[in-house]
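*Asks:* A structural model of the following input is requested.
(chains A and B)
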Amino acid sequence: AQSVTQPDIHITVSEGASLELRCNYSYGATPYLFWYVQSPGQGLQLLLKYFSGDTLVQGIKGFEAEFKRSQSSFNLRKPSVHWSDAAEYFCAVGSNDYKLSFGAGTTVTVRA
Amino acid sequence: EPEVTQTPSHQVTQMGQEVILRCVPISNHLYFYWYRQILGQKVEFLVSFYNNEISEKSEIFDDQFSVERPDGSNFTLKIRSTKLEDSAMYFCASSEGFEKLFFGSGTQLSVL
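*Replies:* So this is what the prediction gives:
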């Protein structure tokens, strides 16, 4: 069965500093990997996805993620965070049965 | 960007009562989903719906749950007899294919 682990429940980062959110997955075949963001009162918005090809994927809002098969990881990064990046971030793994399995989420707090 | 709309944003009900959560998916999408997130837990897949029938459902989606697309635009989730443990945020999503699910902002269901 597919599953996702996000080891960090809460991360606090200073505005302008870099951010990295960890995601480890378990899946028998080549996974489809996603990062979603949820701002307060909002739905889940897709930041980026990996299906195949280049292991470094670029997303919206200046985010990128790198797929590392050897480490079963798909970590999300941003070089310089903005106050508006404060939100909850979810990593998810999917398959071609149109079902996503989400991690527990990481809450990001941005301090001035 | 097109949006998935969910109503109401917050629903309070008594245990044993029936509730219907409503969603308006993006108009040209063919696949529809319900996910839920119990407070402090992961976002969980409930059901996917395609071509007017359920394509997949999780073990959570028992006989108390049903989905319907009554009029070609709305997509509803009905819980026949709510239990305390049904209290959660329920997310509707829609997609053209698998690559990008668009999520609504959710309905917070509180069962008293």
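*Asks:* centroid-nearest residue for chain A?
*Replies:* Closest to where the C-alpha atoms of chain A average out (CA atoms, centre = their mean) is A:W35, at 3.6 Å.
*Asks:* look up how far A:Q71 lies from the spatially most central residue of chain B.
*Replies:* By CA atoms, centre = their mean, chain B has its centre lying nearest to B:W34, at 3.4 Å. Distance of B:W34 to A:Q71, given as CB to CB, to the nearest Å: 33 Å. C-betas here are computed from N, CA, C, even on glycine.
*Asks:* okay, helices next: where are they in chain B?
*Replies:* Secondary structure of chain B (DSSP state H): no helices located.
*Asks:* if we can go back for a sec, show me the contacts for the residue nearest to the centre of chain B.
*Replies:* Listed by CB atoms under 8 Å, 6 or more residues apart in numbering or on different chains, the contact set of B:W34 reads B:21, B:23, B:46-47, B:67, B:77, B:90-93.
*Asks:* ok so the residue nearest to the centre of chain A is a strand residue?
*Replies:* Yes. Counting by DSSP: H, G, I helix; E, B strand; the rest coil, A:W35 is located in a strand.
*Asks:* ok, and the closest non-adjacent residue to it?
*Replies:* Counting by CB to CB, 6 or more residues apart in numbering or on different chains, the nearest residue to A:W35 once its immediate chain neighbours are dropped is A:L47, at 4.4 Å.
*Asks:* correct me, but that neighbour touches A:L33?
*Replies:* No. Assessed by CB atoms under 8 Å, A:L47 is found out of contact with A:L33, at 11.2 Å.
*Asks:* what parts of chain A come near chain B?
*Replies:* With CB under 8 Å from any CB of the partner chain as the criterion, chain A meets chain B at residues A:32, A:36, A:41-46, A:49, A:51, A:90, A:92, A:94, A:96-105.
*Asks:* give me the buried entries from those.
*Replies:* A:32, A:36, A:43-46, A:49, A:90, A:92, A:94, A:98-105 (16 or more other CB atoms under 10 Å in any protein chain shown).
*Asks:* among these, which lie within strands?
*Replies:* Of those, the ones assigned to strands by DSSP state E are A:32, A:36, A:44-46, A:49, A:90, A:92, A:94, A:100-102.
*Asks:* what is the nearest of the residues you listed to A:L56?
*Replies:* Using CB to CB, A:K49 is the member of these that sits closest to A:L56, with 12.9 Å.
*Asks:* if I pick the closest one, what's in contact with it?
*Replies:* Shown in contact with A:K49 (CB under 8 Å, 6+ apart): A:32-35, A:57, A:59, B:99-100.
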